[in-house]
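Visitor: Just a sequence and a predicted model for now, questions to come.
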Amino acid sequence: MFGLFKKKKERHANFNYDSIMVDMHSHVLPGIDDGAKTPEDSIILIRKMIELGIKKIIATPHIMVDFYRNTPETINNALNILKAELIKENIDIPVEAAAEHYFDETFEARVDERRLLTMGDNYALFEFSFINKPPNAITVIQKMNDMGYKPILAHPERYPYMDLEQFKNLHTWGCNFQLNTISLTGYYGREAKKMAESLIDNELIDFISSDMHHPKHAAALKDALRTTYIEKLLFDYPLKNTLLM
């Protein structure tokens, strides 16, 4: 069980997310996906994240061939707009950009062509369909590792067709898992909450993040601080978020 042989971090009555430092999955870039629509929306979300202890933000807009055909150019343009707004508002927080890649029919080609937008030491965030698992998932994850990528599957707790043994298998093949913190509040439903807790109990979570899209997510992120499992994650768990600082 996690924390058994580790020195536990000091607990405080009113803790926040400052121990992880980096929120590495959010949709705060304005106007390019289903997250913030305007720079003003972005600022509202970022202020909330700062209030909750976040020290650095990595924005991860969707890249989905059927919906959000983002490119390095569209993402960098939105990042520059956001940075200008942060300066205007006198908000001092580092913001970088990568992407949340959708595992669609174009994903393997993006891997082959080394076109994934990464964070930190070549970590690449991707998501599955919410309906079914890609049949080539393990093959592509192996390929990503062979090519020097460090794959991160976004919000594994939200895929209802996956069970714990399947997640253990994916993790064994070198796939990191990123939990949406607000899943622990039941935001996505009872089954997602239950799976989130099981993944934590089995030490399968590598990163946590907000997946911030709008103010309701910010409120749920604050609510998550009242859950027992978030205490375990923040104080006793070997999370990798700080590697992205």
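Guide: That came through fine.

Visitor: quick one: the longest helix seen in the chain to chain centroid distance?
Guide: Ordering each helix of the chain by length in residues (DSSP state H) puts helix 72-88 first. Here helix 72-88 shows a centroid-to-chain-centroid distance of 20 Å under the convention C-alpha atoms, centre = their mean, to the nearest Å.

Visitor: before we move on, what about stretch 29-39?
Guide: Using C-alpha atoms, centre = their mean, the distance from the centre of stretch 29-39 to the centre of the chain it belongs to is 17 Å.

Visitor: got a list of what Leu239 touches?
Guide: Ile20, Ile205, Asp206, Phe207, Ile208, Leu233 (C-beta atoms under 8 Å, 6 or more residues apart in numbering). For the C-beta atoms, the positions are set from N, CA and C on the backbone; glycine is no exception.

Visitor: So which of these is surrounded by the most neighbours?
Guide: Ile208 (28 neighbours; other C-beta atoms under 10 Å).

Visitor: And the residue nearest in space to the middle of the chain, how far from Tyr237?
Guide: Centroid-nearest residue in the chain: His25, 3.2 Å away (criterion: C-alpha atoms, centre = their mean). Distance of His25 to Tyr237, given as C-beta to C-beta, to the nearest Å: 17 Å.

Visitor: repeat for Ile50
Guide: For Ile50, the distance to Tyr237 - C-beta to C-beta - is 23 Å.

Visitor: Can you get me the start-to-end distance on stretch 19-26?
Guide: 18 Å (C-alpha to C-alpha, to the nearest Å).

Visitor: Report the buried residues of stretch 224-232.
Guide: Ala224, Leu225, Thr227, Tyr229, Ile230, Lys232 (16 or more other C-beta atoms under 10 Å).

Visitor: Now render the residues you listed as JSON lines, adding secondary structure and pLDDT.
Guide: JSON lines is the format used below for the buried residues of stretch 224-232 (DSSP: H, G, I helix; E, B strand; the rest coil; pLDDT from 0 to 100):
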{"residue": "Ala224", "secondary structure": "helix", "pLDDT": "97"}
{"residue": "Leu225", "secondary structure": "coil", "pLDDT": "97"}
{"residue": "Thr227", "secondary structure": "coil", "pLDDT": "96"}
{"residue": "Tyr229", "secondary structure": "helix", "pLDDT": "97"}
{"residue": "Ile230", "secondary structure": "helix", "pLDDT": "97"}
{"residue": "Lys232", "secondary structure": "helix", "pLDDT": "94"}
